[in-house]
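Engineer: this one's sequence-less:
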Ligand code: DWN
Ligand code: ZN
């Protein structure tokens, strides 16, 4: 694949009826954290433009960056947040609810397994596990943690090899990575092939309805190619030999969908039509199938940019020390799109060891471990990882008891 591909047809329904509603400009890849040496080089930037399919209501990026640019060496790990680790426990309980006959010999697979945090839950329960991930650095870390991991992108071709080598999978997970896949039909064909006849596939990713309602524009970035409505998911399933038998809502990442899939021929699991329809009703109610909804969303995003910049510049003028908390990928979209860099933020703290000592892509804000806050005693902390605001505010009770204030920009500018 070339470095960038332009989308002309909808990934789900092949329609050309695509409506462009948001252009965030040319931005660096959101996990492209820079070393000090990198700061001297010219940074690559890629267009971030968003389309709405008028036929199936999938929201998708107009330009696809070659995954090798984004995922070969990946600095994000999920194990930093307790909230996310708790979600992996919940997902395990969900799987066990539907897979009563699961044994220690059952194979549990995670696609986009990163450092192996999700599979660790299953390893501790004594199951057979297998991770699949394209990031060389993460596969090394996972293997060191005792998580068996295959390096690569999950496709139908890879699924054939994996099934031959390891046998059928009883539960397959794909959290967030589901939104990263360009050829999603081939991906699902791979799942069908790898899955045991009675097995289940659980995908989890941010929900389009919450993204739109809560102005979560910073969840839109080069890694996330698709933003699914339930309507678009049902359309997608029609093109495969898989069937969605249940959908649940999770509060994770500002609102996510947990989608439960099975083979069409597997009749042992009942399709929970009422639950699925309740999502479709919400989507109708919130006008998620209308162009005007997306135009209004873009307008709110532009207004948010004006509000936040105005407030931050005024705080800075009054000589306040402002820092960021959580060098999240989404934070990099917000900073770049809002043009907020070292002019406003002194530094960002993040617990991820691989991000510390680096600089944010595009805006070049230095990243430190949390201890740095003791040296400078900031007045304001922008919680860039707003999806973990509760966890972060709890951790920083001392800061707030010493009159430190939190700033949260999503869904609207809030100072606590
Ligand atoms: O979909 C994706 C999600 C799951 O993860 C990927 N495409 C990329 C990535 O997105 P993100 O970077 O926006 O994810 P998070 O999990 O919202 O990032 C939170 C950041 O904040 C991490 O760098 C860890 C950091 N953090 C911290 O330093 N202290 C988080 C918590 C809760 C903390 O206490
Ligand atoms: Zn479509």
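Structural biologist: That came through fine. A quick note: this is a predicted structure, and the numbers were derived from the prediction, not measured. Ligands and ions are numbered 1, 2, ... in the order given.

Engineer: ok and the residue in the stretch 151-300 of the chain nearest ligand 2?
Structural biologist: residue 232 (6.5 Å; C-beta to the ion). For glycine as for every other residue, the C-beta is placed from the backbone atoms N, C-alpha and C.

Engineer: run a quick neighbour tally on that residue.
Structural biologist: 26 (other C-beta atoms under 10 Å).

Engineer: what's the closest residue to it other than its chain neighbours in contact with, if anything?
Structural biologist: Distances taken as C-beta to C-beta, 6 or more residues apart in numbering put residue 58 closest to residue 232, at 3.9 Å, once the chain neighbours are dropped. The neighbourhood of residue 58, defined by C-beta atoms under 8 Å, 6 or more residues apart in numbering, consists of 10, 11, 12, 13, 52, 226, 227, 228, 229, 232, 235.

Engineer: same thing with residue 102?
Structural biologist: Here residue 102 is in contact with 95, 96, 127, 170, 171 (C-beta under 8 Å, 6+ apart).

Engineer: repeat that for residue 148.
Structural biologist: Taking C-beta under 8 Å, 6+ apart as the test, what residue 148 contacts is 129, 130, 131.

Engineer: most neighbours, which of these?
Structural biologist: residue 131 leads those on contacts (other C-beta under 10 Å) with 27 neighbours.

Engineer: mind checking the SS state of that residue?
Structural biologist: Secondary structure, DSSP: H, G, I helix; E, B strand; the rest coil: residue 131 is strand.

Engineer: from residue 24, how far off is residue 363?
Structural biologist: Distance from residue 363 to residue 24, counting by C-beta to C-beta, to the nearest Å: 14 Å.

Engineer: between those two, point out the one with more neighbours.
Structural biologist: residue 363 (22 against 18).

Engineer: helix, strand, or coil at that one?
Structural biologist: Assignment for residue 363 (three-state DSSP): coil.

Engineer: returning to that earlier point: which one of the contacts of residue 102 sits closest to residue 399?
Structural biologist: Closest to residue 399 out of the contacts of residue 102 is residue 95 (38.0 Å), distances taken as C-beta to C-beta.

Engineer: buried residues, the strand or helix carrying the closest one. List them.
Structural biologist: Using DSSP states H and E, residue 95 sits in helix 82-98. Using 16 or more other C-beta atoms under 10 Å as the test for burial, helix 82-98 gives 83, 84, 87, 88, 91, 92, 94, 95, 98.

Engineer: so what secondary structure elements neighbour that helix?
Structural biologist: Packing partners of helix 82-98 (3 or more C-beta pairs under 8 Å, 6 or more residues apart in numbering; DSSP states H and E): helix 117-124, strand 169-175, strand 195-206, strand 242-250, strand 256-263, helix 389-395.
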